[in-house]
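> Here is my input; please provide its structure:
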Amino acid sequence: MTRFVKWLALAGVAIVFLAIAALAAVPYLVDTPRIQSLIAGSASQALGRPVKFSSVSVSALPLPSVMLKDLEVAEDPAFGTTPFLKLNQAEVRLRLWPLLFFRVELGDFVLKEPVISLVETADGRWNIASLGHGSEAEPRASGRTRPSGGAGAGAVLPSRVKVDKGLVTYESRAGGTTSRYRVENLNLTLTGVTAPLTFQGDARVKPGDLAVKITDGTVGVNGARSLVEAPLRARLTLDGKDIRELVAAAMGPEPALAGGLKGTLALGGTVGKPRASGDVELTNLTVTQTHAQCPEPKRRTLALGPVKLNATWEESRLIGRPVTTEISKGTITTNLSVTLDRGVRVELGDLGIKTLPVEKILVDFLCQGYAVTGPLDLSGNATARLDDLWNTLNGKGQLKLGPGKVVGAQALALLSTVLRLGGAVSALAGGELPAVLSSSAFDYEAVTATYTVTNGVVSTRDLLLASRALKASAAGTYALASGKMSVDLVVTTAGRNLKAKVTGTAASPSVSVAPASVLSESERKRLEEKVEGGLQELLKKFR
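Predicted coordinates for the structure are as follows:
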């Protein structure tokens, strides 16, 4: 046993000395010009693009490796002349065991801080589509070559590629708009020269500082006609402390959405048309927007509860089924569809709102002149483009609101004007319209309506406000963008039906009251007698 242990120790020492000798001999073993030519040629052959670098050096410690300076991979000529990939230094590590037998085999290929440019054109073409095609790309590397032989003869393509702190810029011109994002601190490991290519890593998406972790990634490069058509699989974990900048890049600066994001997504589809699905949650979500009609502060913020959705992303379209959130204990559920096509188009299907305190939106956030209060129940649907919300809104639904009160200054002024005009007409005829303009006159039990919205114009035939003092019904149209209105209004109080026509704009309405709707039969006769008597007295003065 003792002799065996001694033999084992001697063998270990011999291997250590052999390893040290191999490391010391690396600069002499490696045929630098041949390695240089081999790497450039192999990379060009694999990528289908010219690959060049300025110089090559060999290092023995801490691990035997070949250092490439100023590495560049050419861009597809159809996308310009700026390099697709460039970096100051790349490291090609050499396998230690083959060196012990005086053979050189390439190990890990480490790209240090590379800059990679991804571009998608308006018609959906990618600059990476041609990667891996063609064998005519000629290697370009500085230095002289000399006949093959020596230790370089055993070199093969690396089986693993590592990206260390990479920067990826992404420019999409799809949908008629240009979107730009960048991925910073990309750490990625790709394994397998042949299919399936596996990968894992992490990165941060900018703007927005969204952390992304990638696991269990595979790309089925074999059998695909191009890289963009290769099947893609991976698992993504998302973690963002604030999505404000990320949303602003896609939707514009206002309305500003802020809050945290967490999610776990399964990535599928192809490299050129990836698809992601999974659960996403937005926390501490706020919507901030400037409203000119608001008193100071004009920039108002609406806080939402946690927003949860089962999300699917495919071909510039986000689908959430369902999406749930709350505002001050009022719940909102819907099926969401967001399409990035010549602007951001939003569709809300199966929209359901329960006991939402509507004053949080109409009074505190929007400062609407026709604001009301009370718990809102609503069901319906809606679609709109966010860049022109009030002119592109379409949808329909039904609502029930209350108990609550009319609090908007413009709404109070309009109803008061109608009642005063009615009172004036009634007084002229010697009748009386009860005074209902007290502080509680417009406290209501309920407001109900069905509605449709067509290109930002709201129409209803059955809006009804019911209170103890009066009932008011309305039928007509209201334009959200301009405030233009045309409404037939009927106010019922003390057994009288006061009919009025409201036109003009919300800010400057014009009200006309139908006298016949105010007066009883006897009052109309008294009014006619007063008018006739007045005319006769006027004629006598001219005789």
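> Can you tell me which helices and strands the lengthiest strand in the chain packs against?
Assignment by DSSP state E gives strand 274-290 as the longest strand of the chain. In this structure, strand 274-290 makes packing contacts with strand 232-240, strand 256-269, strand 299-303, strand 307-314, judged by 3 or more C-beta pairs under 8 Å, 6 or more residues apart in numbering; DSSP states H and E. C-betas here are computed from N, CA, C, even on glycine.
> Recalculate using a threshold of 7 Å.
strand 256-269, strand 299-303, strand 307-314 (3 or more C-beta pairs under 7 Å, 6 or more residues apart in numbering; DSSP states H and E).
> Just put the ones you listed in TSV and tack on distance to Asn185 and mean neighbour count.
Below are the helices and strands packed on strand 274-290 laid out as TSV (distance: least, C-beta to C-beta, whole Å; neighbours: other C-beta atoms under 10 Å):
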stretch	distance to Asn185	mean neighbour count
strand 256-269	18	17
strand 299-303	31	14
strand 307-314	23	18
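> what's near enough to touch Leu265?
Taking C-beta atoms under 7 Å, 6 or more residues apart in numbering as the criterion, Leu265 is in contact with Leu236, Leu238, Ala276, Ser277, Gly278.
> Which two of those residues have the greatest separation?
Greatest spacing in these, by C-beta to C-beta: Leu238 and Ser277 (12.7 Å).
> Neighbour count: those two, which is higher?
A side-by-side neighbour count of Leu238 and Ser277, using other C-beta atoms under 10 Å, places Leu238 first with 19 against 15.
> Now do the contacts for the more buried one.
Leu210, Val212, Leu261, Lys262, Gly263, Leu265.
> Surely Tyr451 touches Val457?
No. Assessed by C-beta atoms under 7 Å, Tyr451 is found out of contact with Val457, at 10.6 Å.
> distance between the longest strand of the chain and the chain's centre?
7 Å (C-alpha atoms, centre = their mean, to the nearest Å).
> Sort out which residues of it are buried, please.
The neighbour-count check on strand 274-290 (16 or more other C-beta atoms under 10 Å) flags Ala276, Gly278, Val280, Glu281, Leu282, Leu285, Val287, Thr288, Gln289 as buried.
> Please apply the same query to stretch 465-475.
In stretch 465-475, counting by 16+ other C-beta under 10 Å, buried: Leu465, Ala466, Ser467, Ala469, Leu470, Lys471, Ala472, Ser473, Ala474.
> among these, which one has the lowest pLDDT?
Among these, Ala469 has the lowest pLDDT, at 78.
> can I assume that residue sits in a strand?
No. Ala469: not assigned to a strand; according to DSSP: H, G, I helix; E, B strand; the rest coil it is coil.
> pretty sure it contacts Thr492?
No. Ala469 lies out of contact with Thr492 (C-beta under 7 Å); the separation is 10.2 Å.
> so where do the strands sit in the stretch 101-250 of the chain?
106-112, 115-120, 140-141, 160-172, 179-191, 197-206, 210-219, 232-240 (DSSP state E, counting those that start in this stretch).
> Counting by contacts, list what the fourth one packs against.
When you say that, I think you mean strand 160-172. By 3+ C-beta pairs under 7 Å, 6+ apart, strand 160-172 packs against strand 106-112, strand 115-120, strand 179-191.
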